[in-house]
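Next input, structure requested:
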Amino acid sequence: MTGRAVIGPLLGVVLLALTACAADERREQVSGDAVSAFSDPFTVAGLPVTTGPNGLRADTTGPDLDIRGGTGDQIDALMAAALADLDTYWKQAFEPAFGQGFKTGLRFVSWDAQTSETLSESFCGQSTFRQVNAAFCPDRIEIGWDRGVLMPALLEEFGPMAPVTVIAHEYGHYIQMIGGFDKSASPIVSEQQADCLSGTFIRWLAEGHGEYLEINTGDGLNSAVAALISARDGRRGQSDHGTAFERADAFKTGFSSGAAVCGAIGQLYVDEKRDLMPPRFDNTGSIDATPFSEAGLSSVVASVEDFYGLSDSVRPVVDRTALGISCADVDVAVVAQAPVAFCPTTNTVSMDPDELALIATNGTNGPAGLPSFIGGDFSAYSLVASRYSVAAQSARGQAIDQPVTAARAACDTGRWARSTAASGTFTLRGGDLDELVSGLLVSGAVASDVAGRSLPSGFARIDAFTAGYFDTENGCSRYDP
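Prediction:
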């Protein structure tokens, strides 16, 4: 975000907080009452938001799969389970989606990228020495993965469903090959299709059909998408997997609509989506990352006040010196941890510029350099817009301690981002939306109520933001009672 105001990450949250689930925790539906009939924050594409275990089922013995180079370690066992469930899923889903029989014949290769070159495995006709990667090789019809660096890093940073989602994406490329997908499609189209296809498999697991794997639709699903977007394009023409925003959207399309829709993704679909989004890259070819500043924060506050247009009698006081230490109507223990908060008792939006500046740093790296959080100025500035939305809801006499409050806050933030960019107040970059998507998945603070309680589903958070961003006039009306 440039020439403007921006928003950064949120509380310095660690992704592991969202991904780990105790093995003995029982799956249960998250309780709560949806306020709006048009958008239920306690469902994800028709499924209830659940808690519970993610990864290998505790009551099953893993499959015996022929994996060249495999050692049977934790990663290979997880990959064998994923590939067995993928085979079962696509045997059922392939013909109804694409009108032809499913073809087997895939081979699998496991390697350790740290193994010496002389002892390294061969994948796709090449040495795997220092190949920190996972891929599908169409020439040899094989899928391979690095069990030594990449997959352990994904497992540690994002949880067990991260390596599974990555391998489901690679399996998606195999589905493209046997399903008659357009071989001349651009790299971005091919990658969007594979992200979409991986989403259909994760949906099947979320419905409880996996023999070896399970995933909940709360932190499990959030972490699966977070793992995907950790590998996003950072330069024009570099891999063309797409931005974090695009990758999450493609995955969500498959999760919500099924495999047949994935085959319909083409260049026109991608281009039309991109026409509605800010430019992905700045003039130097890399995703823009503008530093957070006091001047930027002042501009954002002025922009937000102008956007909501509250009268003097109800306009909240903005305190930029630090967070207020007391608020009779809100649990201070919760809100005091946030860098921006609204107190209805005093009608004050308080913020800690130092904490916002920390949030606006350019992300945090996990093992193997994988980004656990995509940070930046927009991550921080959007928090200001979100908390001001809660203040505006309070001024309108709406509930500010309900899930619909959180949905409206995210939706209003989307409207604000789009309208201010359109008016020329700020210049949004594609990287700004990546920051927002990452923040929605990791912490969800932009999509939280007055007490900082986020919507339980990362999809619901992203949906709320995009509803406002893509339809500034009517998108947020779905959250009206």
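
For residue 240, give its distance to residue 194.
12 Å (C-beta to C-beta, to the nearest Å). Heads up, the C-betas are built off the backbone N, CA and C, glycines and all.

Settle it for me: which of the two has more neighbours?
Higher neighbour count among residue 240 and residue 194: residue 194, with 28 against 14, using other C-beta atoms under 10 Å.

Next one, pLDDT for that one please.
Confidence at residue 194, expressed as pLDDT, is 97.

Okay, now the unreliable bits of the stretch 1-150 of the chain?
1-41 (pLDDT under 70).

ranges for the strands of it?
Ranges of strands within the stretch 1-150 of the chain are 28-29, 43-44, 47-48, 50-51, 55-56, 107-111, 122-123, 126-127, 134-137, 142-146, based on DSSP state E, counting those that start in this stretch.

got these as CSV, with mean neighbour count and distance to residue 312 columns?
Output for these, formatted as CSV (neighbours: other C-beta atoms under 10 Å; distance: least, C-beta to C-beta, whole Å):
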stretch, mean neighbour count, distance to residue 312
strand 28-29, 14, 45
strand 43-44, 22, 40
strand 47-48, 18, 44
strand 50-51, 20, 45
strand 55-56, 22, 54
strand 107-111, 20, 66
strand 122-123, 18, 67
strand 126-127, 12, 68
strand 134-137, 20, 57
strand 142-146, 25, 60
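
And these: which comes nearest residue 329?
With C-beta to C-beta as the measure, strand 50-51 is the member of the strands of the stretch 1-150 of the chain nearest residue 329 (28.2 Å).

show me where the stretch 151-300 of the chain has strands.
213-214.

quick one: low-confidence parts of it?
Across the stretch 151-300 of the chain (using pLDDT under 70), the flagged ranges come out as 232-239, 278-291.

thinking again about what came up before, as a markdown table, the strands of the stretch 1-150 of the chain with distance to residue 357 would be great.
Converted to a markdown table, these look like this (distance: least, C-beta to C-beta, whole Å):
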| stretch | distance to residue 357 |
| --- | --- |
| strand 28-29 | 39 |
| strand 43-44 | 34 |
| strand 47-48 | 38 |
| strand 50-51 | 34 |
| strand 55-56 | 36 |
| strand 107-111 | 42 |
| strand 122-123 | 44 |
| strand 126-127 | 45 |
| strand 134-137 | 36 |
| strand 142-146 | 36 |
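
ok, and the closest non-adjacent residue to residue 305?
residue 315 (7.0 Å; C-beta to C-beta, 6 or more residues apart in numbering).

quick one: secondary structure of the one you found?
The three-state assignment at residue 315 reads coil, by DSSP: H, G, I helix; E, B strand; the rest coil.

That one - how many residues pack around it?
17.

do residue 219 as well
Neighbours of residue 219 using other C-beta under 10 Å come to 26.

Out of the strands of the stretch 1-150 of the chain, which gets nearest to residue 453?
strand 50-51 (14.9 Å).

so what's residue 455 up against?
41, 403, 406-407, 410, 444, 447-448, 461, 464 (C-beta atoms under 8 Å, 6 or more residues apart in numbering).

okay if I get the residues you listed as JSON lines plus secondary structure, distance to residue 349 and neighbour count?
Output for the contacts of residue 455, formatted as JSON lines (DSSP: H, G, I helix; E, B strand; the rest coil; distance: C-beta to C-beta, whole Å; neighbours: other C-beta atoms under 10 Å):
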{"residue": "41", "secondary structure": "coil", "distance to residue 349": "23", "neighbour count": "27"}
{"residue": "403", "secondary structure": "helix", "distance to residue 349": "21", "neighbour count": "26"}
{"residue": "406", "secondary structure": "helix", "distance to residue 349": "16", "neighbour count": "32"}
{"residue": "407", "secondary structure": "helix", "distance to residue 349": "19", "neighbour count": "29"}
{"residue": "410", "secondary structure": "helix", "distance to residue 349": "17", "neighbour count": "33"}
{"residue": "444", "secondary structure": "coil", "distance to residue 349": "19", "neighbour count": "25"}
{"residue": "447", "secondary structure": "helix", "distance to residue 349": "17", "neighbour count": "31"}
{"residue": "448", "secondary structure": "strand", "distance to residue 349": "14", "neighbour count": "27"}
{"residue": "461", "secondary structure": "helix", "distance to residue 349": "21", "neighbour count": "29"}
{"residue": "464", "secondary structure": "helix", "distance to residue 349": "20", "neighbour count": "31"}
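
Among those, show me the least confident.
residue 41 (69).

The helix or strand containing residue 465: which residues count as buried?
Assessed by DSSP states H and E, residue 465 sits inside helix 458-470. Across helix 458-470, burial judged by 16 or more other C-beta atoms under 10 Å covers 458-469.
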